[in-house]
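Undergrad: what would the 3D arrangement of this be:
(2 chains)
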Amino acid sequence: MTKKSTKTITYIFITIAALISVFPLIWMIIAATNRSVDVIAGKLTFGTKLLENFQNLLQAQPVGRFFWNSCKYSVITTVLALAVCSLAGYAFEIFHDKAKDILFTIILTAMMIPFVALMVPLFQMFSKAKLLNSTVGFILPSISTPFLIMMFRQSARSFPKEIIEAARIDGLNELQIFTRMFIPTMKSTYAAATTITFMNAWNNYLWPKVIMSDNNAQTMPMMISNITSGYVTDYGMLMLAVFITTIPTAIVFFALQKSFAEGITGAVK
Amino acid sequence: MKQKILSVLLSAVVVAAMLAGCTSKTEKAATEPASESSETTEEAAAESGEVSETTESGDGTLTVWAWDKSFNIYAMEEAEKIYQKEHPDFSLNIVEVSWDDMQTTLGTILSSGDYSQLPDILLMQDFAFRKYASTYTDFFTDLTDSGIAFDEFAEGKLGMSMVDGKNYGVPFDNGAEVAVYRTDILEQAGYTIDDLTDIDWDRFIEIGKDVLDKTGYSLVSSQAGSSDIIMQMLQSAGGSIWNGDGTPGYVENETLKKCMEVYKELFDTGVMETGNNWDEYIATFTSGKTAGVINGCWILASIESAEEQSGLWAVTNMPSLPGVEGATNYSNQGGSSWGITTNCSDVELAEDFFASTFAGSVELYDTILPGAGALATWIPAADSDVYSEPQEFYGGEAVFELITDFASKVPEFDMGVYYTEANTALATAVTNVCAGGDIDSELQTAEDTVNFDMGN
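TA: Just a heads-up that it's a prediction; the model follows:
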């Protein structure tokens, strides 16, 4: 087989794979412009009901408030999680000793505990602390995650120790070394961590649905669940809601995708 | 030295964050109910002003959890308006919680034992009501002597929210079984709606084969992997999946076996079309693959979503189970009831609200019937003129009156405490039977599964 024909086959394969991956997204957008009956019937062409679906959605659900709640929770969670976990990962690597390694193993073990197992005790605790239906209640369980700590620790491993020594000689204190030397060098790791944390926080569903029982505190994924809960589901409206819910995570991902691949592998430039 | 201090500090931050957020809260919650740290957080939260209590006490506001904005929540809002006429200070805080979400939330709240987060009132699916009420005996308020006139509700429906002879729920919507057919397709095959009224499943299959031959349309559809239609057949024939002592009774249950045989024949002959999921099921009749639908009357709203088919549909009763004594053409699918929780801030107010609205206001049902198609299970509501109004979508038939009549003839059905488990096991059996499995052995497996689920 010639080199050219191998390349052609590869391209055909990749194109098909790409189409299969993108199809649900395209279908979602098409469905958002059609009537519910047409969506169910499997119509694959754009319709003219986008505005109507949008009006129905606005009428049925307080989209603005839910969208704002989701944005607020996700941004705060992301900022705090990055601050806490990067500091932790840095400390575990740069100042490591035997005791801290044991502690790190314990933290990693926590990754294995499924969230469902923690839900009831967490709920009891948050209820006693009167943190239900609050922003603090939403973000607290997710600002320190073993996965992010591990990711930052792995990245810190490739951070040259000589830089730290040089900075110390130049008179920087430890916190300054972290903020002025480590953070700028680890931009790609931060980008990857931002993408992962933001997506997780935005799509977080199980925990908020347990603690957010107030209409004013609910989020976009909960709104989607509410739309599907009736005797009759308006699929056009539902797909539009899903589309709107996807936008912020898509923006974050596309804005940071360049650094994402680098960051996830822990590269230092 | 400096390095060491910093490293200790940083590690402490992480451990503190982990304690607060992730790992060790199990012990913390269990052993230190009033620890200093939780008090501190409490203060912080109070300062931020974000905490809102689920229930507000004594100010005439009741919190309600319900799903479906255009049906249940709409009905509750209308009830609120009616009650406000006499009680201007009364208001409801209705929180939209989907049924699936509610189960997760209730599961967490009830197993944590912290009932303070329960709403005052909540809507509960009929098939789950008794399970919750009997598993968590302190979940619902006993309404037996509340002054609500329970004798004015359809008996079959009332039983869904009763445990040990006590009333725990106020019945709400009606799920009486309807058979709805496309008259234009029937006409092509030489039939009318009368030919499908008061028939049994043998005759149905006969007509179904003929319609399929002549028009290419199946006469009914169902959702693959669901046993709903079997349960509906069973109820119509006065059967049960439970023995008198509450144990599952699948094996040597002749009525159930007959239902399975009918189902298999419907499937094998092509008279019944199957959709792989709920959406596909809806599509079978809205986008014209089948000429009929047999389900609870709430399915009408889905049928009506295909506006261009207005005037083509007609409603009648479902086929009866042949060869079974006492078999009727009436059954029920779905429906829900309202419950007042033990966390209710003002039980008397909640009871009076229900006694004056869902269990006492013809005006309410007159509003929600045309507004949402919500049919009452409160018998006095059916006398209203609204019920006899002709419906254009069904060729001018007074369908609501008809369905109310069907509802009054539905045989009582013991859903049991473990209905969900029983239904799932039956669904597996049905799927296997359609794939060629033996009915008796599949029913045995289903019974064993339910026994296992129940811990027997």
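Undergrad: please see if the helix or strand of chain A with the lowest mean pLDDT touches chain B.
TA: Across the helices and strands of chain A, mean confidence by mean pLDDT, DSSP states H and E is lowest for helix A:36-40: a mean of 84. Yes: using Cβ under 8 Å from any Cβ of the partner chain, we find that helix A:36-40 touches chain B at A:36-37, A:40. Backbone N, C-alpha and C define where each C-beta goes, glycine included.
Undergrad: just checking, residue B:126 touches residue B:333?
TA: No: judged on Cβ atoms under 8 Å, residue B:126 makes no contact with residue B:333 at a distance of 9.9 Å.
Undergrad: which neighbours do those two share?
TA: With contacts taken as Cβ atoms under 8 Å, 6 or more residues apart in numbering or on different chains, the residues that reach both residue B:126 and residue B:333 are residue B:175.
Undergrad: test my guess that residue B:250 contacts residue B:446.
TA: Yes: here residue B:250 lies in contact with residue B:446, judged by Cβ under 8 Å, at a distance of 5.0 Å.
Undergrad: okay, and the common contacts of these two?
TA: B:425-426, B:429.
Undergrad: most neighbours among those, which one?
TA: In terms of neighbours by other Cβ atoms under 10 Å in any protein chain shown, the shared contacts of residue B:250 and residue B:446 top out with residue B:426 at 28 neighbours.
Undergrad: helix/strand/coil for it?
TA: At residue B:426 the chain is in helix, as set by DSSP: H, G, I helix; E, B strand; the rest coil.
Undergrad: pLDDT at it, what is it?
TA: Reading off the per-residue confidence, residue B:426 sits at a pLDDT of 93.
Undergrad: residue contacts, it?
TA: When the contact criterion is Cβ under 8 Å, 6+ apart, the partners of residue B:426 are B:227, B:230-231, B:241, B:250, B:446.
Undergrad: what ranges in the stretch 101-250 of chain A fall below the confidence cut-off?
TA: For the stretch 101-250 of chain A, not a single residue meets the criterion pLDDT under 70.
Undergrad: residue A:41 and residue B:285 touch, don't they?
TA: No: checked against Cβ under 8 Å, the pair residue A:41 and residue B:285 is beyond contact range at 11.1 Å.
Undergrad: in terms of neighbours, single out the busier of these two.
TA: A side-by-side neighbour count of residue A:41 and residue B:285, using other Cβ under 10 Å, places residue B:285 first with 28 against 16.
Undergrad: returning to that earlier point: list the buried ones in the helix or strand following the least confident helix or strand of chain A?
TA: On the C-terminal side of helix A:36-40, the nearest following helix or strand under DSSP states H and E is helix A:50-60. Neighbour counts using 16 or more other Cβ atoms under 10 Å in any protein chain shown place A:50, A:52-54, A:56-57, A:60 of helix A:50-60 among the buried residues.
Undergrad: what's the neighbour count on residue A:222?
TA: The burial metric for residue A:222, expressed as a neighbour count using other Cβ under 10 Å, is 22.
Undergrad: give the contact list for it.
TA: Residues in contact with residue A:222 (Cβ under 8 Å, 6+ apart) are A:66, A:205, A:208-209, A:212, B:101.
Undergrad: now residue B:214, nearest residue through space, not along the chain?
TA: Beyond its immediate neighbours in the sequence, the residue positioned closest to residue B:214 (Cβ to Cβ, 6 or more residues apart in numbering or on different chains) is residue B:189, lying 4.3 Å away.
Undergrad: am I right that the one you found is in contact with residue B:209?
TA: No: using Cβ under 8 Å, residue B:189 is not in contact with residue B:209, being 10.2 Å away.
Undergrad: between the two, who's got more neighbours?
TA: Set residue B:189 next to residue B:209 and count neighbours by other Cβ under 10 Å: residue B:189 wins out with 18 against 14.
Undergrad: measure the more buried one to chain A for me?
TA: Using Cβ to the nearest Cβ, to the nearest Å, residue B:189 is found at 23 Å from chain A.
Undergrad: which residues sit in contact with the residue nearest to residue B:214?
TA: Residues in contact with residue B:189 (Cβ under 8 Å, 6+ apart) are B:207, B:210-211, B:214-215.
Undergrad: and if you look at residue A:55?
TA: Residues touching residue A:55, when contacts are defined by Cβ under 8 Å, 6+ apart, are absent altogether.
Undergrad: for chain B, see how far away it is.
TA: In terms of Cβ to the nearest Cβ, residue A:55 sits 15 Å off from chain B.
Undergrad: mind listing the helices for the stretch 251-400 of chain B?
TA: Counting by DSSP state H, counting those that start in this stretch, the stretch 251-400 of chain B has helices at residues B:254-269, B:278-286, B:300-303, B:347-356, B:362-372, B:399-408.
Undergrad: of all pairs in the contacts of residue A:222, which one is the farthest apart?
TA: Within the contacts of residue A:222, two members stand farthest from each other by Cβ to Cβ: A:66 and B:101, at 14.0 Å.
Undergrad: among the contacts of residue A:222, which lie within helices?
TA: Among the contacts of residue A:222, the ones falling in helices (DSSP state H) are A:66, A:208-209, B:101.
Undergrad: and which of these is nearest to residue B:453?
TA: Comparing the ones in helices among the contacts of residue A:222 against residue B:453 with Cβ to Cβ places residue B:101 closest, at 23.1 Å.
Undergrad: what sits against that closest one?
TA: With Cβ under 8 Å, 6+ apart, residue B:101 has these contacts: A:209, A:222, A:225-226, A:229.
Undergrad: can you redo the residues you listed as CSV with secondary structure?
TA: Shown next, in CSV, are the contacts of residue B:101 (three-state DSSP):
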residue, secondary structure
A:209, helix
A:222, helix
A:225, helix
A:226, helix
A:229, coil
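Undergrad: isn't residue A:116 right up against residue A:206?
TA: Yes: applying Cβ under 8 Å as the test, residue A:116 and residue A:206 come out as touching, 7.4 Å apart.
Undergrad: okay, those two: which has more neighbours?
TA: Neighbours per residue (other Cβ under 10 Å) separate residue A:116 from residue A:206, with residue A:206 holding more: 13 against 10.
Undergrad: ok, the residue lying closest to the more buried one once chain neighbours are set aside - how many residues close by?
TA: Distances taken as Cβ to Cβ, 6+ apart put residue A:115 closest to residue A:206, at 6.4 Å, once the chain neighbours are dropped. Counted with other Cβ under 10 Å, the burial measure for residue A:115 works out to 13 neighbours.
Undergrad: same question, residue A:192
TA: Here the number of neighbours of residue A:192 (other Cβ under 10 Å) works out to 24.
Undergrad: how about the strands in the stretch 51-200 of chain B?
TA: For the stretch 51-200 of chain B, applying DSSP state E, counting those that start in this stretch gives strands covering B:61-66, B:91-96, B:121-125, B:162-163, B:166-167, B:169-171, B:177-182.
Undergrad: what's the most buried one of the ones you listed?
TA: Among the strands of the stretch 51-200 of chain B, ranked by average contacts under mean count of other Cβ atoms under 10 Å in any protein chain shown, first place goes to strand B:169-171 (a mean of 28).
Undergrad: which element is the residue nearest the centre of chain A on?
TA: For chain A, the residue whose C-alpha lies nearest the mean C-alpha position (Cα atoms, centre = their mean) is residue A:199; its distance is 1.4 Å. Under the criterion DSSP H and E, the helix or strand holding residue A:199 is helix A:187-203.
Undergrad: hmm, residue A:207 and residue A:115 touching each other?
TA: Yes: applying Cβ under 8 Å, one finds residue A:115 in contact with residue A:207, separated by 7.1 Å.
Undergrad: quick one, grab the pLDDT at residue B:58.
TA: Here the pLDDT value assigned to residue B:58 is 52.
Undergrad: let's have the buried residues of helix A:50-60 in CSV, adding distance to residue A:242.
TA: Supplementary listing: these in CSV, determined by distance: Cβ to Cβ, whole Å:
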residue, distance to residue A:242
A:50, 14
A:52, 17
A:53, 11
A:54, 13
A:56, 14
A:57, 11
A:60, 14
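Undergrad: among the residues you listed, which pair sits farthest apart?
TA: Maximum pairwise distance in those, criterion Cβ to Cβ, is 15.6 Å, between A:50 and A:60.
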